[in-house]
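In: Sharing a sequence plus its predicted fold:
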Amino acid sequence: MVDIIRPRVFVSYSWEDEEHIEWTKRLANYLMENGVDTHIDQYDLELGDRLPQFMEQEITRANYALIICTPNYKEKADNRESGVGYEGHIIAGELFQKQNERKFIPIIRKGEIEECFPTYLLGKLGINFKDDNKFEEKLQELLATIYGRKSKPKLGNIPIFNKSGYKGKEDKEDEKIKVIGIITNEVTVPKIDGTRGSALYKIPFKLSRVPSELWENLFIQLWNSPPQYTTMHRPGIASVIGDKIILDGTTIDEVKDYHRDTLLLCVNEANKRMIEIEKRNRELEQRKKLEIQSHYQGIQDVSKDIKW
């Protein structure tokens, strides 16, 4: 069987009143329930034990020392009074030697920082446990630090900048495709050599952005079989290349009289179908996430009942 190395934690606090003593014990209990080898005088001291020896050993052996900061603790630590003052000597010594500054974690229980932090802790980042309604939330944050599981999101893509500011990739992709107009300088010249269709030519249309491959396929399908069309409609002449729609085999007059309305209809319908497909995909993705969360929650719930 593989031995699991559990983090060892020492809790330093001042004996103030029953409520504070019980709260500190509760914190220690929660840590132990979450696999942290927690040491506190209420559990680890026996009658007849030497207090200085206990404090020195526990602070030295601990991976982390939690300092429960209150105005009373600060006063005793700064004035080197009682057990808190003795622990202060040891903690200040380790901090002065800079062996492992992250070892000592201030737990803000009462008062503001300047009111509850001993002098040797000033400038250190602590965790605020003053609001009992957020106890569970703060406990998870503390556990993440103790177990070295704090993480931040992966670095994303650089946003797309433009004159009006910038838009992230997702915002850009959520925009509906629009036809900006005809790219007149890219309209081709008809052959007019007497062969069938030689009077026809290519007409490119500028789009508001480059569409996805799915949108391209939807648009082509719609153009080849549109919801509404005239007898002059020409299926099979449309293609999408980059941010352009190209009608290969028409004239500017046909575009004006017939194809414009069909083109806009197909673009709008492709946008509509894209929204429906993306909505379904998001719902499926969310459902999948919930299933995974439910699975792991079930694993976690059952695993708590398994005694090792």
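Out: That came through fine.

In: can you pull the contacts of the closest residue to residue 135 other than its chain neighbours?
Out: Residue nearest to residue 135 in three dimensions, not counting chain neighbours: residue 129, with 6.9 Å by C-beta to C-beta, 6 or more residues apart in numbering. C-beta coordinates here come from the backbone N, C-alpha and C atoms, glycine included. Taking C-beta atoms under 8 Å, 6 or more residues apart in numbering as the definition of contact, the neighbours of residue 129 are 27, 107-109, 135, 138.

In: Let's see which of those residues end up in strands.
Out: Using DSSP state E, the subset of the contacts of residue 129 located in strands is 107-108.

In: quick one, domains of this structure?
Out: Residue ranges of the domains in the chain are recorded as 8-146, 168-302, according to automatic domain parsing.

In: right, so those domains: which one is the most enclosed?
Out: Counting by mean count of other C-beta atoms under 10 Å, domain 8-146 has the highest mean neighbour count of the domains of the chain, with a mean of 16.

In: could you give me the average pLDDT of that one?
Out: The predicted model gives domain 8-146 an average pLDDT of 88.

In: Spit out the contact partners of the nearest residue in space to residue 191 that is not next to it in sequence.
Out: Among residues not flanking residue 191 along the chain, residue 198 sits closest, at 4.2 Å (C-beta to C-beta, 6+ apart). Under the criterion of C-beta under 8 Å, 6+ apart, the neighbours of residue 198 are 190-192.

In: try residue 263
Out: Contact criterion C-beta under 8 Å, 6+ apart gives 179, 205, 223, 245, 247, 255 as the residues in contact with residue 263.

In: Now, these that are in strands?
Out: Counting by DSSP E, the members of these that fall within strands are 179, 205, 245, 247.

In: of all the residues you listed, which comes closest to residue 215?
Out: Lowest distance from residue 215 to those (C-beta to C-beta) belongs to residue 245, with 10.9 Å.

In: which residues does the closest one form a beta bridge with?
Out: Beta bridges link residue 245 to residue 205, residue 240, judged by DSSP bridges.

In: Hmm, it is touching residue 202, no?
Out: No: contact criterion C-beta atoms under 8 Å: residue 245 and residue 202 do not qualify, at 11.0 Å.

In: what are the bridge partners for the closest residue to residue 61 other than its chain neighbours, then?
Out: Nearest residue to residue 61 in three dimensions, chain neighbours excluded: residue 8, at 6.2 Å (C-beta to C-beta, 6+ apart). Assessed by DSSP bridges, residue 8 has beta-bridge partners residue 37.
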